[in-house]
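Novice: just a sequence and a predicted model for now, questions to come.
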Amino acid sequence: MMWHKNEVAIKVMLIQSNLNLNLSNPLLIILMSMFLIVTTVMSSNTESVFAQHHGAPPPMATLGDRNISMNLTIEPKKIISDQDAQLTMHLMDENTGQVIQHVTYRLTISNGDQLKLSEFFHSHTGDLTILARSSDSPHLTVGGTFDVLTNAIVPDPAGKIVVNGPLFSEAGKYDIDVEITTVDNDKTDLMVPLVYHFVANSTNNSVSN
């Protein structure tokens, strides 16, 4: 039963009236005050418990003591404009040497102030391979399967995601930003995403953290 403060006060008044208690007695005053406080707290706690049963939030990832590193490899090491390139990435648990599974990557690639690619990808195994296939098309098209559960593109049966178009069509510096939003489970969202920044340059072909 849920009692509100005004209901408790009314009940106290009714008890006083029906039993004709002598509230001039200090001991009775203390007892009645304690009764009012306890019932008010019980009412408040009961309301809080009921308010929490409107659906559980998605589970949050607990990285614990794991030392997580992000590995990104670009082939060929020397990026050549208008030629194919392949990006391979995964998260590693440095304590165990194991690749972390069920990872969702938000990959953003830009060349100066020109945004080239911004998309969510998911890998159940943790390893993500993206083949940037150069073509004469003026627009990028991303091949793969859209996964409703993760709201991201997952690799094709061959294990790759193919991006067709002018991804690395110009020589110069490319900023590659990777944001990790899930690990360990398809719906285990990180409370604070892991963010990594890499730089690829078509002249010195370096990839650095």
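Specialist: Thanks, I have it.
Novice: the longest strand along the chain - what's its average pLDDT?
Specialist: Secondary structure of the chain read by DSSP state E shows that its longest strand is strand 189-201. Taken as a whole, strand 189-201 has a mean pLDDT of 87.
Novice: could you dump that strand to CSV, C-alpha only?
Specialist: Extracted in CSV, the C-alpha atoms of strand 189-201 (Å, rounded to 0.1, in the frame of the first residue of the first chain):
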residue,chain,number,x,y,z
ASP,A,189,27.0,-0.1,-25.7
LEU,A,190,30.0,1.7,-24.2
MET,A,191,29.0,4.5,-21.9
VAL,A,192,32.0,6.5,-23.2
PRO,A,193,33.1,5.5,-26.8
LEU,A,194,36.8,4.7,-27.4
VAL,A,195,38.2,7.2,-29.8
TYR,A,196,41.4,6.8,-32.0
HIS,A,197,43.0,9.1,-34.5
PHE,A,198,45.3,8.0,-37.3
VAL,A,199,46.9,9.9,-40.2
ALA,A,200,47.6,8.5,-43.6
ASN,A,201,49.7,10.4,-46.1
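Novice: from Ile100, how far off is Met70?
Specialist: Going from Met70 to Ile100 by Cβ to Cβ, to the nearest Å gives 10 Å. Every C-beta, even on glycine, is put in place using the N, C-alpha and C of the backbone.
Novice: and the pLDDT at the residue lying closest to Val154 once chain neighbours are set aside?
Specialist: For Val154, ignoring the flanking residues on the chain, the nearest one in space by Cβ to Cβ, 6 or more residues apart in numbering is Asp147 at 4.7 Å. Looking at Asp147, its pLDDT is 91.
Novice: surely Asp147 meets His122?
Specialist: Yes: if you go by Cβ atoms under 8 Å, Asp147 and His122 touch, sitting 5.9 Å apart.
Novice: what is in contact with the two at once?
Specialist: Residues touching both Asp147 and His122 (Cβ atoms under 8 Å, 6 or more residues apart in numbering): 153-154.
Novice: looking at those two, which is more packed in?
Specialist: Taking other Cβ atoms under 10 Å, Asp147 and His122 do not tie; His122 has more neighbours (24 against 16).
Novice: the more buried one: what's it in contact with?
Specialist: By Cβ under 8 Å, 6+ apart, His122 lies in contact with 102-105, 147, 150, 152-154, 182, 186.
Novice: and stretch 71-79, what's buried?
Specialist: The neighbour-count check on stretch 71-79 (16 or more other Cβ atoms under 10 Å) flags 72, 74, 79 as buried.
Novice: endpoint to endpoint, it covers what distance?
Specialist: Using Cα to Cα, to the nearest Å, the end-to-end distance of stretch 71-79 comes out at 18 Å.
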